[in-house]
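**Q** could you look at this predicted model? Sequence included:
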Amino acid sequence: MSSARALGDQDEAGPAYEPGNEADFERLYRNTYRRILGTLITLVRDRAAAEDCAQETYVKAYQSWKKWRPDAPVEAWLHKIAINVAISDRRRERIRTAGEIVRRLGRPIPPSDPSTLAERSDLVRALKKLPTKQAAALVLRHFHGYSNREIAAALGVPDQTVASRLAAARQQLQATLDK
Amino acid sequence: MGNFGQDSDIERELHRVLDSTLSAAIPAWRAPAGGGVVQRILGSAAAALTLKVATGIAVAAAAATFAGVAAETAITGSANPSVWGQAVRSQVDGCKDKLNPGQHGIGECVSAVAKTHGATVSGNHPSASPGAKGKDQGAGDGHGKPAGAGGPANPGAGGPVNPGSQGGGKGPNHTPGKP
């Protein structure tokens, strides 16, 4: 079971995208936003951060839209940007959290917002503890249903690297969940 | 902690928590303003510099104009440039009146008047450089009409008396009627 569609598949999107075309970018945004958001929710601290990262992803994509080559799967390209945005966000979050811990010493930790389903999921919490690229590989494989080759295109690594990352991610995920 | 030993378990859990994102509202896309941060900074700096240079030139030009007008006005008592020309012509006529018919030497008289006038104007002109004063003196050929011809003397090469002129006499004081 997956939301599977190939990264370069544009049957849902209509005609092929033209790099630099404003209307095509808006169409790309509408067609891919939810899937990009879904990936980001598993990678960054919460839904609000994921929405911010999604916006940042599309701003960066828009800035490079003229340079996008149609021979590369457009959603793989977007995911590559999104994963890099998530990596930067995690880095910022680590710095922010360190400051928070120092400020909160001796005070009770406020409960997280229970309204968000993803944040209550053990699996998603475990995914957030994985290295971003490992977690992204798992989500692309098991939520989006992409092949290893498509994930390799999205992450900009060889297929073999994807296979080993997936194996390492599963192992680490299980270890985290077993604790 | 949940049990996600199988890939299918991971897929099922990811869909349980993330499928809601697939029906999430998509925020409206608004293309970011054109130009990067650096470009915007450089653009505003260049605009500010251009404005400063343009303002400086305008102020200098206005100052020079006002100084010239003030000097001429002080001499002639009028702000009208045509009055200034008349004043010069009357000075030349005065020189002619001092001469007897057939007598030469109007060039010296005109030169003396022009020298006095030029010194007055230069003295009132704040931006006048000493080196520029009388730079073109002597360029005129000193042609003057004979006193009997009745026309005004032409101390330069076809131009009016040059303010600041000191060297009208350098050119040959040619008089066609000279034997």
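**A** The structure has been received and is ready for your questions.

**Q** now do residue 55, the pLDDT please.
**A** As the question left the chain open, I've gone with chain A. If you check residue A:55, the pLDDT there is 95.

**Q** oops, chain B please
**A** Residue B:55 is assigned 72 on the pLDDT scale.

**Q** ok, the longest helix anywhere in chain A near chain B or not?
**A** When secondary structure is assigned using DSSP state H, the longest helix within chain A turns out to be helix A:74-104. No - counting by C-beta under 8 Å from any C-beta of the partner chain, chain B is not contacted by helix A:74-104; separation bottoms out at 13.2 Å. Heads up, the C-betas are built off the backbone N, CA and C, glycines and all.

**Q** show me what counts as buried in that helix.
**A** Applying a neighbour-count criterion of 16 or more other C-beta atoms under 10 Å in any protein chain shown, one finds A:74-87, A:89-90, A:93 buried in helix A:74-104.

**Q** all helices of chain A, in order?
**A** In chain A, helices defined by DSSP H lie at A:22-43, A:47-63, A:74-104, A:117-120, A:122-129, A:132-142, A:148-155, A:159-178, listed in chain order.

**Q** please pull out the lowest mean pLDDT helix or strand from chain A.
**A** Of all the helices and strands that make up chain A, the one with the lowest confidence by mean pLDDT, DSSP states H and E is helix A:117-120; it has a mean of 70.

**Q** swap in chain B?
**A** helix B:37-76 (a mean of 64).

**Q** which strands or helices does the very next helix or strand once past that one pack on?
**A** Elements were assigned by DSSP states H and E; along the chain past helix B:37-76, the next helix or strand is helix B:81-98. Contact here means 3 or more C-beta pairs under 8 Å, 6 or more residues apart in numbering or on different chains; DSSP states H and E; on that basis helix B:81-98 packs against helix B:37-76, helix B:106-124.

**Q** which residues does the nearest residue to residue B:24 once chain neighbours are set aside contact?
**A** Nearest residue to residue B:24 in three dimensions, chain neighbours excluded: residue A:34, at 5.8 Å (C-beta to C-beta, 6 or more residues apart in numbering or on different chains). Contacts of residue A:34 were listed using C-beta atoms under 8 Å, 6 or more residues apart in numbering or on different chains, and they are B:21-24, B:26.

**Q** one more time with 10 Å
**A** Contact criterion C-beta atoms under 10 Å, 6 or more residues apart in numbering or on different chains gives A:3, A:54, B:18-26 as the residues in contact with residue A:34.

**Q** show me those that map onto strands.
**A** With strands taken from DSSP state E, there is no overlap with those.

**Q** would you show me how to pick out the buried ones of those in ChimeraX?
**A** A single ChimeraX command is used to select the members of the contacts of residue A:34 judged buried by 16+ other C-beta under 10 Å:
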select /A:3,54 /B:18,20,21
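
**Q** so which of the contacts of residue A:34 would you say is closest to residue B:119?
**A** Minimum distance to residue B:119 across those is 78.2 Å, recorded for residue A:54 (C-beta to C-beta).

**Q** got phi/psi on residue B:24?
**A** Backbone torsions of residue B:24, given as degrees, to the nearest 10, read phi -70, psi 150.

**Q** wouldn't it be in contact with residue A:47 here?
**A** Yes - with contacts defined as C-beta atoms under 10 Å, residue B:24 counts as touching residue A:47 at a distance of 9.1 Å.

**Q** name the residues contacting each of the two.
**A** Each of A:37, A:41 lies in contact with both residue B:24 and residue A:47 under the rule C-beta under 10 Å, 6+ apart.

**Q** thought residue A:133 was touching residue A:157?
**A** Yes - with contact taken as C-beta under 10 Å, residue A:133 and residue A:157 are classed as touching, separated by 8.1 Å.

**Q** joint contacts of those two?
**A** Residues touching both residue A:133 and residue A:157 by C-beta under 10 Å, 6+ apart: A:151, A:165.

**Q** compare the two and say which is more crowded by neighbours.
**A** Set side by side, residue A:133 and residue A:157 show more neighbours around residue A:133, with 20 against 15, by other C-beta atoms under 10 Å in any protein chain shown.
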